[in-house]
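Q: Need the 3D shape of this:
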Amino acid sequence: MASYLKDFSDVQPKNSPEEALQRWRKACWLVKNRKRRFRFTANLSKRFEVREIQKSNQEKLRVAVLVSQAALSFIQGISYSVPEGVKGAGFEIDADELGSIVEGHNVKKLKVHGGVEGLVGKLSTSVDNGIDNSVEALSRRREVYGINKFVESPAKGFWLFVWEALQDTTLMILAVCAVVSLIVGIATEGWPKGAHDGLGIVASILLVVFVTATSDYKQSLQFKDLDKEKKKITVQVTRNGYRQKISIFDLLAGDIVHLAIGDQVPADGLFVSGYSLLINESSLTGESEPVNVSAENPFLLSGTKVQDGSCKMLITTVGMRTQWGKLMATLSEGGDDETPLQVKLNGVATIIGKIGLFFAVITFAVLVQGLFSKKMIQGTLWSWSADEALEMLEYFAIAVTIVVVAVPEGLPLAVTLSLAFAMKKMMNDKALVRHLAACETMGSATTICSDKTGTLTTNHMTVVKACFCGKIKEISSSMKKSAFCSDIPDSVVTMIQKSIFNNTGGDIVLTEDGKIEVLGTPTEAALLEFGLFLGGDFKAERLASKLVKVEPFNSEKKRMGIVLELPGDCFQAHCKGASEIILSACDKTLNSAGEVVPLDEKSYNYLNDTIEQFANEALRTLCLAYKDIEGDYKADSPVSFEGYTLIGIVGIKDPVRPGVKESVAICRSAGIMVRMVTGDNINTAKAIARECGILTDDGLAIEGPDFRMKSDEELQEIIPKLQVMARSSPMDKHTLVRHLRSTFQEVVAVTGDGTNDAPALHEADIGLAMGISGTEVAKESADVIILDDNFSTIVTVAKWGRSVYVNIQKFVQFQLTVNVVALIVNFSSACLTGQTPLTAVQLLWVNMIMDTLGALALATEPPTNDLMKRTPVGRKGNFISNAMWRNIFGQSIYQFVVIWYLQTAGKAVFRLHGDDSDLILNTIIFNSFVFCQAFNEINSRDMEKINVFRGILDNYVFVGVLSCTVLFQAIIVEFLGTFANTHPLTWQQWLASVLIGLLGMPIAAAIKMIPAGSR
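A: From the prediction side, this is the model:
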């Protein structure tokens, strides 16, 4: 089959080329209902629109900058009058004027309005205190400037799904047949007798349509809920003088927002203050080169990302007034990429559909030829009665219904159903799936490259050990400052506080109820809390000196640095970061008297041993250092990374999360290798990895710089044994992932939280971003967001991924069996007896059992722990495995033999005589066929194991679908005979039908004992 699916094999789990997406759509020509089949696929024309908007934005910005530069000399003569409504609300500038300033990068207008400070006043806000948070003030602001929400396409209602389900070509043809049947039947036999056949087909069509529409509508609601979750982004703002976190949708013009590296700019605005701010505008303009934003170029556009640095910004324009708002309105209609499994199953459906179409045409031809032969023998070829016309119509309806049954429209849609179900359940398990394909791919994962901090550990950090003035000290929660500082000079304590409180990306603020709150990353928070423990005053320390330059921490340099202007026009640089890196830049240290002394070899070795000792105790180690800068200093001058004086070393405890060791063991038993990739010291990494069960006796731990130096041949030898990579840079992680995927054909899942992790997350088969500690840039590059940052949740995602894969396999096995049997039975009967045992109405019911109801029952099975005891499918596993082919052919042969035996010997076996004997026999065949499918549905719950009843009662959907199938079958046979061409059966005939279906279970068990070979 693989050779026939070449057009359907180029689609990748992520970043598929558009040519491949176009190619499979063209190859997929035999589709009953295009609206339904392609509902959950990417809208390529909308994506083209988005690219055009990005190009237009890029050109607009370029022109705006040129125009504003040229117009700076013509500022005089520009006037602006405030609209009365705006003035009455307490503001001095309207939304359109604000929008034209920022969107057009209009420096001229900005100067006319008094620059950023002028706009702050005109918007009735304050740089330090933000806007007034009272309900009335917020309401006035909303009325004048609008809200920060984007226009979204309205949700589809239930009746629209009914209308889309009616677009099925085969159902339309059957509806025409039903209308013709009604007209001819009523004309010849009168009402109501002549209407029975036509009404039976109409009722069946309506049942199929409403069941299909209900299933699709529920799926759409699930996807809508997930979309809402994806858009939940919070930002730090100052309101009423207090820092607080709010949703980006609650932002208003005049808000003061605090942005840090990795954040998304939540609305259009202006730079107020900040350091080293680099903005990536690629999402808005398609331009990958970052833009330097400062007081000279203060314009910040919604939807762009902070690539480096931090800042305070003033919000000026929100919602649909921003370019990002207009872009998002189009982008939201672009849809998610289809998954490889959806595309493959579209290919399978197309191939089987072609076969079904061929059989349908042959069946129709054979039936018509039989009718013509009979009329030729009778000599009535040119004389047609209404009954004969209806018979011809019934033959055509049967042929069309064979196509209905043969084209397994439910195959690709079952993928969507299963993914929607899994995504909703995973949301409850603290995993938000951003891309459908990730669910599917995670089931094949063979390797997980995990961060340490916050994923394997709790991310609740505290300083528990420190080394100052050559003395190692332990810190406990009950310890007093006096005990810790008893033998540390005051000058050193002052220097520690100055270094911690100034050289930080965090903040210490007062909440509305007067409590102190420490903001920032867990590492920053731990250091700030240590500074408070030492009795420091954060605000006083910050006011005592002026911050001239900030080099924010990033995982490439593994350090953060600042330059302070101290009283008396002298400058001092401070840095902190990875212990061995900072220590290597120091040539002096502070002795026990607090004096600066040269760092000799003995002291250097002692400090190195201290770092190693802390690391072996699984502590994260950081060094603090400073140096005085001689002469004048300018903010754009670099600070040489040498000649520093070491202040001290701190050891930060970050305990391993409960349950991580067990989760790693589960991964190992599931054939998934867990590797730790961290920026920490190698000894810290090894200690944590051993505690988690990641590092084994035969495993290898390596540092990033060593890894970088290895040749491809050496990497080929190292990577299979590599379990820990310490002091790694984001590019080391990217290189490791690339080698694992390309050289070793592994399916790789990667965790990341920082902006620099984006390339590795993008490169991996499954990118997993952290929901709590992760930046917006990391989340946007990821396929799944781990909402609780917990490694155990990653294992749950893997389990659900496997469950999706296996559930779809179960459904495919079940549906292909029904396809094969229904095709062969109708075709062979038409060829050999001149009639088919299953009518159009009966085939429509069978189609619903195998399509919508079968998908509901089998594609929504919850995962079991047994799934994590199998080896992963990997990159090259066949979706339709040998075991599935064995089960399909074994069950098909049994069902065909039974149905054929009933057709040829059924009258004798059941002693049927009289005018109704053919109708009763066909009813028994129909009933037996349906019960064969019902019991085969139970058989399909496990493709390998004989016990298929395990956990069946835990799956309410499965039990409900099976019960409804049996109940409705009884109603069709006993009460709807006039419409469905059935006859009420005796209890013995019912028992025989059920036993024929039940016999399929021991036969399925026997078939499973036949070795199926490799996948």
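
Q: Could I get the full set of helices for the stretch 651-800 of the chain?
A: Using DSSP state H, counting those that start in this stretch, the helices of the stretch 651-800 of the chain run over 660-669, 682-692, 704-709, 712-718, 730-742, 758-763, 776-781, 791-833.

Q: which of the residues in the fifth one are buried?
A: Along helix 730-742, the positions that meet the burial threshold by neighbour count (16 or more other CB atoms under 10 Å) are Pro730, Asp732, Lys733, His734, Thr735, Leu736, Val737, His739, Leu740, Arg741. C-betas here are computed from N, CA, C, even on glycine.

Q: Next: stretch 254-273.
A: Neighbour counts over stretch 254-273 (16+ other CB under 10 Å) mark 254-272 as buried.

Q: Show me the residues you listed that map onto strands.
A: Using DSSP state E, Ile256, Val257, His258, Leu259, Asp268, Gly269, Leu270, Phe271, Val272 are the members of those that sit in strands.

Q: How about Ala526, nearest residue that isn't a chain neighbour?
A: Among residues not flanking Ala526 along the chain, Met461 sits closest, at 3.9 Å (CB to CB, 6 or more residues apart in numbering).

Q: Could you check how far that neighbour is from Asn616?
A: 18 Å (CB to CB, to the nearest Å).

Q: Comparing these two, which shows the higher neighbour count?
A: Met461 (23 against 13; other CB atoms under 10 Å).

Q: Assess the claim that that one and Pro655 are in contact.
A: No: if you go by CB atoms under 8 Å, Met461 and Pro655 don't touch, sitting 9.3 Å apart.

Q: Next, the residue of the chain positioned farthest from its centre: phi, psi?
A: Taking CA atoms, centre = their mean as the measure, the residue most remote from the mean C-alpha position of the chain is Gly379, 68.5 Å away. Dihedral pair for Gly379: phi 70, psi 30, per degrees, to the nearest 10.

Q: That one and Leu390: what is the separation?
A: Gly379 is 21 Å from Leu390, by CB to CB.

Q: ranges for the helices of the stretch 451-600 of the chain?
A: 481-485, 490-502, 522-533, 538-544, 579-584.

Q: Of the ones you listed, which is nearest Gln219?
A: helix 522-533 (38.9 Å; CB to CB).

Q: Now do the closest one against helix 490-502, angle only.
A: Using axes from the mean of the first three to the mean of the last three CA atoms, to 10 degrees, the direction of helix 522-533 lies 140 degrees away from that of helix 490-502.

Q: starting at the chain centroid, how far to helix 522-533?
A: Distance of helix 522-533 from its chain centroid, counting by CA atoms, centre = their mean, to the nearest Å, is 34 Å.

Q: Could you give the average pLDDT over that helix?
A: Per-residue pLDDT over helix 522-533 has a mean of 91.

Q: Likewise for stretch 479-495?
A: Stretch 479-495 carries an average pLDDT of 88.

Q: Now do the buried residues in it.
A: Phe484, Cys485, Ile488, Pro489, Val492, Val493, Met495.

Q: What of stretch 129-139?
A: Judged by neighbour count using 16+ other CB under 10 Å, the buried positions of stretch 129-139 are Gly130, Ile131, Asp132, Ala137.

Q: got the contact list for the third one?
A: In this structure, Asp132 makes contact with Ser124, Leu138, Arg239, Asn240, judged by CB atoms under 8 Å, 6 or more residues apart in numbering.

Q: Could you report the distance from it to Val120?
A: Distance of Asp132 to Val120, computed by CB to CB: 14 Å.

Q: With the first one instead?
A: Distance of Gly130 to Val120, given as CB to CB: 10 Å.

Q: and what of the last one?
A: Taken as CB to CB, the spacing of Ala137 relative to Val120 amounts to 16 Å.

Q: What is the least confident helix or strand in the protein?
A: helix 44-71 (a mean of 60; mean pLDDT, DSSP states H and E).

Q: Quick check, pLDDT for the residue nearest the centre of the chain.
A: Here the mean C-alpha position of the chain is nearest to the C-alpha of Arg434 (CA atoms, centre = their mean), at a distance of 2.2 Å. Note on Arg434: pLDDT of 82.

Q: Same check on Ala295?
A: For Ala295, the model assigns a pLDDT of 86.

Q: Confirm it sits in a helix?
A: No: read with DSSP: H, G, I helix; E, B strand; the rest coil, Ala295 is coil and lies in no helix.

Q: Find the nearest non-adjacent residue to it, please.
A: Using CB to CB, 6+ apart, the closest residue to Ala295 is Phe271 (6.5 Å).

Q: Low-confidence regions, the stretch 751-900 of the chain specifically.
A: For the stretch 751-900 of the chain, the stretches flagged by pLDDT under 70 are 755-756, 834, 876-877.

Q: One more pass at 90, please.
A: Screening the stretch 751-900 of the chain residue by residue with the criterion pLDDT under 90, one finds the ranges 751-767, 769-798, 801-885, 900.

Q: As a check, name the ranges of all helices in the stretch 801-950 of the chain.
A: Remark: helices assigned in the stretch 801-950 of the chain by DSSP H, counting those that start in this stretch are 840-848, 854-858, 882-910, 917-939.

Q: and of the ones you listed, who's closest to Val82?
A: Closest of the helices of the stretch 801-950 of the chain to Val82 is helix 854-858, at 60.6 Å (criterion: CB to CB).

Q: Give me the packing partners of the closest one, helices and strands only.
A: Contact here means 3 or more CB pairs under 8 Å, 6 or more residues apart in numbering; DSSP states H and E; on that basis helix 854-858 packs against helix 410-428, helix 791-833, helix 917-939, helix 956-975.

Q: How far away from the center of its chain is the following helix or strand past the shortest one?
A: Tracing the chain C-terminally past helix 410-428 and defining elements by DSSP states H and E, one meets strand 431-433 next. On the basis of CA atoms, centre = their mean, the separation between the geometric centre of strand 431-433 and that of its chain is 6 Å.

Q: and if you look at stretch 172-179?
A: Distance of stretch 172-179 from its chain centroid, counting by CA atoms, centre = their mean, is 42 Å.

Q: what's in contact with it?
A: 166, 198-199, 201-202, 205, 393, 396-397, 400-401, 404, 840, 844.

Q: Tell me the buried residues in it?
A: Within stretch 172-179, judged by 16+ other CB under 10 Å, the buried ones are Ile173, Leu174, Ala175, Cys177, Ala178.

Q: And the residues you listed, which is closest to Trp159?
A: Ala175 (17.8 Å).

Q: how far away is that closest one from Gly356?
A: Separation of Ala175 from Gly356 (CB to CB): 20 Å.

Q: coming back round to it: how close does the residue nearest to the centre of the chain get to Ser124?
A: In this view, Arg434 and Ser124 are 38 Å apart by CB to CB.

Q: and if you look at Phe910?
A: 89 Å.

Q: What of Pro1011?
A: In terms of CB to CB, Pro1011 sits 79 Å off from Ser124.

Q: that older thread, show me the one of the helices of the stretch 801-950 of the chain that comes nearest Asp308.
A: Nearest to Asp308 among the helices of the stretch 801-950 of the chain is helix 854-858 (48.1 Å), distances taken as CB to CB.

Q: So which residues make contact with the closest one?
A: Defining contact as CB under 8 Å, 6+ apart, one finds that helix 854-858 is touched by 215, 410, 413-414, 417-418, 807, 810-811, 814-815, 818, 937, 940-941, 957-958, 961-962.
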